[in-house]
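Asks: next one to model:
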Amino acid sequence: MYYFPDYVITVEPSNYHYYVWVTLSAIFNMAIGYCLIELDLHLPIVIILMSASYIFSLGLAVLAKTHSYSLIVNERGDLTYQGSVIMNGEILENSYCTTWYLYLCCNRSLDQKNMRLLIWRDAVTDNSYRRLCRIIRLKRQMI
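Replies: Have a look, this model is predicted:
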């Protein structure tokens, strides 16, 4: 019988998430502005509509800031999510990690439904990010 130590990982709100949201909303608003100009609307009306849309997008970005939560994981891939609710589960093989974010697919042990978590690199410490990447690679049998 092997002993698998548990690691407690605290996930904080990410600045990368905010930057991606703001950049995508700016690109979307520029596309809307281009379409409005092509419809021959007057420039002041286009600027007012684009500004209102962008301010609305920024307001949504501020509201979309996530709260911090904790993950308790071990090398085998067992996971406990401790946020607004507490859930136990297992990390699945279709999880993956990139240099910017982790995409965790988990199977909840209570109702056997899938749960997905997107964890940006700046939301956890470097050691925790490397540890999660290693656990995902172990789960996918890449190590």
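Asks: only C-alpha atoms from now on, for both contacts and neighbour counts.
Replies: Will do.
Asks: could you find the closest non-adjacent residue to residue 6?
Replies: residue 74 (4.6 Å; Cα to Cα, 6 or more residues apart in numbering).
Asks: wait, what's in contact with the one you found?
Replies: 4-7, 135 (Cα atoms under 8 Å, 6 or more residues apart in numbering).
Asks: can you rerun that using 6 Å?
Replies: Going by Cα atoms under 6 Å, 6 or more residues apart in numbering, residue 74 touches 4-6.
Asks: measure it to residue 46 for me?
Replies: As judged by Cα to Cα, to the nearest Å, residue 74 and residue 46 stand 54 Å apart.
Asks: equivalent analysis for residue 71, please.
Replies: According to Cα to Cα, residue 71 and residue 46 sit 46 Å apart.
Asks: this protein: helices as residue ranges?
Replies: 15-38, 43-63, 126-139 (DSSP state H).
Asks: residues of the shortest one that come out buried?
Replies: Right, helix 126-139. Of all the residues in helix 126-139, those buried under the rule 16 or more other Cα atoms under 10 Å are 128-129, 131-137, 139.
Asks: average pLDDT for stretch 84-98?
Replies: Stretch 84-98 shows a mean pLDDT of 90.
Asks: around the residue lying closest to residue 118 once chain neighbours are set aside, how many other residues sit close by?
Replies: Sequence neighbours aside, residue 103 is the residue nearest to residue 118 in space, at 4.8 Å (criterion: Cα to Cα, 6+ apart). A count of nearby residues for residue 103, using other Cα atoms under 10 Å, gives 17.
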